[in-house]
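S.K.: My questions concern the predicted model and sequence given below.
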Amino acid sequence: MIPVAVLTGFLGSGKTTLLGHLLRHPAFARTAVVINEFGEVGLDHELVERSEESFIELQTGCLCCTIRGDLVLTLDDLLRRRDAGTVMAFERVVIETTGLADPAPILQALMTDANLADRLALGEVIATVDAVNGLDTLDRQPESVKQAAVADKLVLTKTDLLADPPALLVARLAAINPAAPVLVGEHGRIDPARLFQGGLYDPTAKTADVQAWLAAEAHQHRHAHDVNRHDAQIASYCVTRQAPIRAVALALFLEILAEHCGPDLLRVKGILNIAESPDRPAVIHGVQHVFHPPAWLERWPSADRSSRIVFITRDIPRDWIEQLLEALDAEVRDVETGGEQ
């Protein structure tokens, strides 16, 4: 049996960073990865070092009942390719859910689907929790409560941004999931042995709420789902620019977003072509009012050198974002070329 680990957690809580570090560990050398991103345009597949043949991206929206069939078909196809020798003989599968996912459907599918039962076994479920925004997220987003509740282990991220340990958040997590240990990830790094101990997922050891959610999933019917919209307010879109962006314009852009839109910026993630550094793309990450300093990749991960910024927002129009970036870049360009004189 090949174990399947599920990595969940709300938007911007550090799932992809954690996954990237895990995949560089020797114990994860033979790992197949399935990433589900919310919206039609995803970036995580370009930001995680991996073996191309065993890395699959699902872009059919949230991991809900719509995608459940797609996930099962994807895993079944991955097993067929493994048997045929067209992908490496992976020894583990990791599924990273979108940050807006209700995790119950995917867990139910992995535990009960007859097509997978003789080859795959649901192992550990890990949930990342943002130490800075975690309390507010648990209050505002019911998905985040489910993500924490179903987990075998909780990984607290971004503690380096706080002066004191987040005691209130830890207490809240203990109330939601009293059986799950709370571990601290240091800049996304954590010893895999602390996360994965070879056990199988045991729903009977979870709270009554978790057992009820899983039972309800067995009776759900599929429904149509807009891959770019989570509900009436939350939506995803990608802002793309072919021309390089000046570094000053990017700094101003992020500053204005954080100041004026912070609470409604659920996730901002981008790979950008910066005019001053054309051969090394910048990667930006932001959640609400917190933006991390850009990270610089050693090289472009693909032939596509356009700047792509994926937004997941609450009631922020795409046109406003695009016009703001265009105006700032044009203003900086005019200053540099003396256009205002």
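M.R.: Perfect, I can see it now. In this text, all values refer to a predicted model and were calculated from it rather than measured experimentally.

S.K.: domains for the chain, by residue range?
M.R.: According to automatic domain parsing, the chain is divided into the following domains: 2-217, 234-337.

S.K.: Ranking helices and strands of the chain by mean pLDDT, which lands last?
M.R.: The helix or strand of the chain with the lowest confidence, counting by mean pLDDT, DSSP states H and E, is strand 55-58 at a mean of 46.

S.K.: for the stretch 151-300 of the chain, what spans make up the strands?
M.R.: 153-157, 182-184, 234-241, 265-274, 277-287, 290-291, 295-296 (DSSP state E, counting those that start in this stretch).

S.K.: List the buried residues of the third one.
M.R.: Right, strand 234-241. 234-239, 241 (16 or more other CB atoms under 10 Å). Just so you know, the C-beta spots here come from the backbone N, C-alpha and C atoms, and that holds for glycine as well.

S.K.: Pull out the CA atoms of it and give them to me as CSV.
M.R.: Provided in CSV are the C-alpha atoms of strand 234-241 (Å, rounded to 0.1, in the frame of the first residue of the first chain):
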residue,chain,number,x,y,z
ILE,A,234,-14.5,35.4,-2.7
ALA,A,235,-13.0,35.0,-6.2
SER,A,236,-9.6,34.3,-7.9
TYR,A,237,-8.0,36.0,-10.8
CYS,A,238,-4.6,36.4,-12.3
VAL,A,239,-3.0,39.7,-13.4
THR,A,240,-0.5,39.2,-16.2
ARG,A,241,2.0,41.6,-17.7
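
S.K.: so which of the domains of the chain is the most packed in?
M.R.: domain 2-217 (a mean of 19; mean count of other CB atoms under 10 Å).

S.K.: so how far is the first residue of it from its last?
M.R.: Terminal residues of domain 2-217 lie 24 Å apart, using CA to CA, to the nearest Å.

S.K.: What is the distance between that domain and the centre of its chain?
M.R.: Remark: domain 2-217 is offset 9 Å from the chain centroid, using CA atoms, centre = their mean, to the nearest Å.

S.K.: next one: stretch 330-340
M.R.: 37 Å.

S.K.: want to throw the buried residues of strand 234-241 into a markdown table with pLDDT?
M.R.: Formatted as a markdown table, these follow (pLDDT from 0 to 100):
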| residue | pLDDT |
| --- | --- |
| Ile234 | 81 |
| Ala235 | 82 |
| Ser236 | 83 |
| Tyr237 | 86 |
| Cys238 | 87 |
| Val239 | 90 |
| Arg241 | 92 |
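
S.K.: Now distance to Met1 too, for those, in JSON lines please.
M.R.: Listed next are the buried residues of strand 234-241 as JSON lines, based on distance: CB to CB, whole Å:
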{"residue": "Ile234", "distance to Met1": "37"}
{"residue": "Ala235", "distance to Met1": "39"}
{"residue": "Ser236", "distance to Met1": "35"}
{"residue": "Tyr237", "distance to Met1": "40"}
{"residue": "Cys238", "distance to Met1": "38"}
{"residue": "Val239", "distance to Met1": "43"}
{"residue": "Arg241", "distance to Met1": "46"}
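
S.K.: CA atoms of stretch 11-25 as CSV?
M.R.: Extracted as CSV, the C-alpha positions of stretch 11-25 are listed here (Å, rounded to 0.1, in the frame of the first residue of the first chain):
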residue,chain,number,x,y,z
LEU,A,11,-4.7,30.6,2.2
GLY,A,12,-1.2,31.9,2.9
SER,A,13,-0.6,29.6,5.8
GLY,A,14,2.7,28.2,4.3
LYS,A,15,1.6,24.9,2.7
THR,A,16,3.7,25.3,-0.4
THR,A,17,6.8,26.5,1.5
LEU,A,18,6.5,23.5,3.8
LEU,A,19,6.0,21.1,0.9
GLY,A,20,9.1,22.6,-0.9
HIS,A,21,11.3,21.9,2.1
LEU,A,22,9.9,18.4,2.5
LEU,A,23,10.6,17.5,-1.1
ARG,A,24,14.2,18.4,-0.7
HIS,A,25,14.6,16.0,2.1
